[in-house]
Every structure is written in structure tokens, then in C-alpha cells.
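Novice: could you look at this predicted model? Sequence included:
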Amino acid sequence: MDPDKQKQQYDHLKGLDRCVRCGRCKALCPTHGADPVEAMSARGRIALLQGLAKEKIRPSGLLNSHIYSCILCSACSGTCPLGIDIPEAIYQGRALLRGSDGKRTPLRYLTRLSIKWPDIAFRIARMGRHNLLPFLVRRGLIPELPEIPEVPLRKTDQVFKTHKKKRGRVAVFTGCSVNYLFPHFGESLLNVLHKLNYEVVLPKGETCCGNPLRTLGLEDEAVEQAKKNHRVFSRLKVDAILSLCPTCTTTIKNDYPKMIGKGLDKAMDISAFFSDKLEPLPRTDNSAVYHDPCHLQYMLGIKNEPRQIIKNAGVKLIETDDPGCCGFGGLYCMSNKETAGDLMQRRARDFTGSGADTLVTSCPGCVIQLSRGIKDRPVIHLIELIEEAYCFRGEAQERLF
Ligand code: SF4
Ligand code: SF4
């Protein structure tokens with residue numbers, strides 16, 4: 001690693017000296033809820049990283065396992081009265097520990113290759129969906145994935161024009177999960193935007209937002225992705241950059257300024273964009289529970305908008321006691337299977353007990369994780385519900401419910 005960068009990372013962690021051990025960050029930490037020992041809490045991880053910065057604690061397998069046991073859910077974000085950015089400290093800590101973390105070397109290798117040659121990785125995944133992928137899942141190198149689609153969403157530079165009076169022009173940051181695993185979510189978004197008379201751009205050159213690299217301590221590689229995406233998206237003349245993945249939105253909007261000094265300010269979650277554009281529809285017999293994705297609620301501050309959209313779509317919204325994170329956390333669910341499984345089961349039980357027909361969420365990762373635990377009723381992305389209500393209802397009433 002670049003020595004200047006390494007020094008910056010140590011300096012960043014030295015700022016953790018401000019911590020007064022008040023424990024406010026610990027109260028919301030889901031890993032501490034699942035395993036109540038100090039090292040499994042936000043405060044405990046801050047103390048460990050302080051020790052690393054002061055060279056009182058040396059890198060070790062045990063230290064790595066505690067720093068990698070963080071879901072990076074951001075529930076602790078904004079809780080610190082002294083303004084310590086805990087998730088950012090975890091990213092920087094992982095970058096410093098990368099050299100001593102042999103356990104995740106194969107995962108780093110695979111992640112780097114998939115991000116460098118995503119279309120080749122996609123074709124290999126498609127061909128190996130019955131043998132290679134189950135093998136990689138068993139080895140803990142990838143999470144369980146949905147059925148690999150025949151083709152991804154993005155092909156080349158695509159502009160979808162509207163034939164009616166144009167209401168505006170938006171770009172879509174598809175993100176890897178929507179592009180390669182859930183292209184039908186992207187198609188639903190295109191349908192809804194078309195229905196609302198928006199011109200839509202899917203620009204050539206979009207690459208991974210960089211978050212999976214950061215979670216593995218590959219900070220320099222993540223910075224390269226950030227620079228590429230910023231170049232592609234900042235020159236577009238659009239009203240908004242929409243994403244169906246709150247982690248992508250958080251990364252390109254909130255994290256890029258920390259990584260490259262400038263973010264994509266027009267990035268928005270779809271529920272914020274659509275909240276004032278979808279008229280109330282007549283009530284149906286359908287009911288839903290909404291699951292809040294961590295990055296959407298903690299980093300983007302969005303909780304009410306998806307709920308209002310569900311109600312406007314004529315679906316009865318059933319509120320439950322919020323059981324918190326689903327346990328996906330990108331790569332977290334592979335390296336911390338037990339805790340991730342417990343968190344997922346808690347959410348699944350809460351949903352099943354509600355009696356609702358459908359679980360709606362706004363994150364492809366939450367859809368992957370919750371679909372593993374909920375088999376008897378649909379787990380869908382909010383955009384599917386919006387599409388069904390505003391594009392198909394009457395023509396295909398039974399499509400989702
Ligand atoms: S990001 Fe989530 S799991 Fe990690 S320390 Fe903060 S609250 Fe705990
Ligand atoms: S909230 Fe801030 S000061 Fe309090 S324990 Fe957490 S990091 Fe330390």
C-alpha cells in the first residue's frame with residue numbers, strides 16, 4: 001500500500017482518541033445485540049482500532065475477526081456525540097489490516113477479478129450456476145445467489161426516450177446486483193419512469209460503486225472505481241441519478257466525498273424520487289410489511305417515503321416492532337453465517353407473525369437474504385410493487401400478490 005495513504009489511515013484512527021466510552025454507539029449495534037460482548041459492539045471495535053493506531057495491539061487473526069464482524073450497517077452512524085464516524089473508521093481499519101488478513105485473500109482475489117471483468121464473471125456464473133456457484137457458496141466465497149438471469153440489464157450506452165411531453169431526464173446507477181442478478185428490477189424501474197414520461201439514461205462506463213472492495217479493505221481499488229463512476233455520471237445532464245440499491249446510493253453520494261473529495265450529489269433512492277409523483281390508488285385486499293434496509297434508514301434518512309408509496313398503491317401496510325438488520329451486509333453473511341442467520345430468522349419470524357401477504361423492501365441484498373428465510377410468501381423490491389400498481393393493475397392484477 002502507498003505509505004502516504006497508510007499514514008493517513010493511521011492518522012484517521014488516531015482521531016478515535018476522542019472516544020469517551022459513553023456507549024451510545026453500542027446501544028444500536030446489531031452484532032452486540034446478537035452476541036453481547038464488548039468486542040462485538042461499535043464501542044469495542046473503536047477501542048480495538050485505537051489500540052491498533054497506537055501500536056498497543058498488533059494485527060492478528062482475533063483482531064481481524066472482530067473488525068470483520070461489523071456488518072457495516074451504519075446503525076451507529078450519527079450516534080456519537082463527538083462526531084466519530086464509526087463505519088468510516090472500520091473501513092480504514094480493514095484497509096490497514098488487509099496485509100495480515102490471509103483468511104479473506106481468496107475472497108479479495110475473486111472480488112477484484114469480478115469487478116475488473118464483470119461481464120466475463122457474469123458469463124462464468126451463468127455457465128456454472130449448477131456446479132461452480134454451489135461449490136463457491138459451500139466454500140464461503142460467495143453468498144447464496146438468486147437464479148442467474150440470461151442477460152444483464154445494461155448493454156451499451158442506452159437512452160430510453162419518451163414519446164410524450166418529456167417530464168424530465170434521469171440517469172440510473174444500476175449497481176452490480178441489479179445489473180447482473182435482478183435485471184427485472186431495473187426493467188420495472190424503466191417501465192415506471194416511462195409511464196411517468198421521463199427520459200432515462202443508462203450510461204456506458206458505469207462500474208461497481210466500490211463498496212464491496214472497501215468492505216474487504218481494498219481502499220485503493222475502491223478509489224479507482226469511485227473516480228471512474230464520478231467521471232461518467234458527473235458529466236450527464238440529468239435531474240437525478242436513481243438507484244435501486246441503498247448501499248450504492250450511500251457510496252456514490254456520501255462516501256465518495258470521503259474517498260475522492262467529491263460525490264454524486266444528484267444520487268437518490270427511488271422512494272425519495274417517487275414519493276411526490278405517485279397518486280393514491282383505490283384500496284386493494286393486499287397487505288405488506290416493509291423492511292427498512294440499514295443504509296436507507298441510517299445513511300440516507302429514508303423511512304417514511306416507502307411506507308407512503310405502499311399506502312398510495314392501495315396496499316394495507318402492517319407495522320411490526322422493527323427487528324432491525326436482516327444480516328446480509330454484503331460479504332458479512334458469508335463470514336459471519338451464524339449471526340447473519342439469527343438476524344435473518346428474527347426478521348422472518350416477525351414478518352410471518354404479522355399475517356401480511358408480502359414483505360416489501362428497497363434493497364437487492366435484503367431481498368437475497370430474506371428470500372432465504374421466507375419461502376411461503378413473496379419478498380419483493382419496492383419497485384416491483386410500484387410497477388404492479390401503476391403500470392399493470394387491471395391488466396395483470398395477480399402479477400405480484
Ligand atoms: S456499523 Fe453496524 S455492526 Fe458495525 S459497529 Fe456500527 S452498528 Fe455495529
Ligand atoms: S458514541 Fe462515540 S464517544 Fe461514545 S463510545 Fe461510541 S465512539 Fe465512543
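Specialist: Received the coordinates, thanks. Ligands and ions are numbered 1, 2, ... in the order given.

Novice: from here on, contacts and neighbour counts on C-alpha atoms
Specialist: Noted.

Novice: and the helix or strand hosting Lys26 with ligand 1, contact?
Specialist: Using DSSP states H and E, Lys26 sits in helix 24-27. No. Helix 24-27 does not reach ligand 1 (Cα under 6 Å from any ligand atom); its nearest approach is 6.8 Å.

Novice: list the buried residues in whatever helix or strand comes next after that helix.
Specialist: Downstream of helix 24-27, the next assigned helix or strand under DSSP H and E is helix 30-34. For helix 30-34, a neighbour-count test (16 or more other Cα atoms under 10 Å) marks Pro30, Thr31, His32 as buried.

Novice: can you check the pLDDT for the second one?
Specialist: Which is Thr31. Note for Thr31: predicted pLDDT of 93.

Novice: also the one 3 residues further on?
Specialist: Note for Ala34: predicted pLDDT of 86.

Novice: cool, Leu62 as well?
Specialist: 94.

Novice: and for stretch 267-286, what are the contacting residues?
Specialist: 240-246, 249, 252-253, 296, 302, 305-306, 308-309, 311-316, 357, 383, 401 (Cα atoms under 8 Å, 6 or more residues apart in numbering).

Novice: repeat that for stretch 192-208.
Specialist: By Cα under 8 Å, 6+ apart, stretch 192-208 touches 115, 154, 156-176, 190, 225, 228-229, 232-233, 386-387, 390-391.

Novice: pull out the buried residues from those.
Specialist: 115, 154, 162, 169-176, 190, 225, 229, 233, 386-387, 390-391.

Novice: among those residues, name the ones in strands.
Specialist: Arg169, Val170, Ala171, Val172 (DSSP state E).

Novice: closest to Ala288 out of the residues you listed?
Specialist: Val172 (26.6 Å; Cα to Cα).

Novice: the closest one: what's it in contact with?
Specialist: Val200, Val201, Leu202, Ile241, Leu242, Ser243.

Novice: nearest the geometric middle of this protein, what residue?
Specialist: Thr247 (3.1 Å; Cα atoms, centre = their mean).

Novice: hmm, it is touching Tyr298, no?
Specialist: No. Applying Cα atoms under 8 Å, one finds Thr247 not in contact with Tyr298, separated by 10.9 Å.

Novice: near ligand 1, which residues of the chain are found?
Specialist: Checking the chain against ligand 1 by Cα under 6 Å from any ligand atom, the hits are 28-31, 41-42, 70-76, 87.

Novice: re earlier: which of the contacts of stretch 267-286 count as buried?
Specialist: Here, 16+ other Cα under 10 Å leaves 240-246, 249, 252-253, 296, 302, 305-306, 308-309, 311-316, 357, 383 buried among the contacts of stretch 267-286.

Novice: just the ones in helices from the residues you listed, please.
Specialist: Pro246, Thr249, Glu305, Pro306, Gln308, Ile309, Lys311, Asn312, Ile383 (DSSP state H).

Novice: ok so, going back, got the ones in strands among the buried ones among the contacts of stretch 192-208 as TSV, with pLDDT and distance to Gln92 columns?
Specialist: TSV is the format used below for these (pLDDT from 0 to 100; distance: Cα to Cα, whole Å):
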residue	pLDDT	distance to Gln92
Arg169	97	37
Val170	98	33
Ala171	97	31
Val172	97	29
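
Novice: and the closest residue to Cys363 other than its chain neighbours, what's its pLDDT?
Specialist: Nearest non-adjacent residue to Cys363, counting by Cα to Cα, 6 or more residues apart in numbering: Cys245, 5.0 Å away. Predicted confidence (pLDDT) at Cys245: the value is 98.

Novice: check the separation of the first and last residues in stretch 131-143.
Specialist: One end of stretch 131-143 to the other measures 15 Å (Cα to Cα, to the nearest Å).

Novice: tell me the mean pLDDT over that stretch?
Specialist: For stretch 131-143, the per-residue pLDDT averages 85.

Novice: what are the buried residues along that stretch?
Specialist: Buried residues in stretch 131-143 (16+ other Cα under 10 Å): Leu133, Pro134, Gly140, Leu141, Ile142, Pro143.
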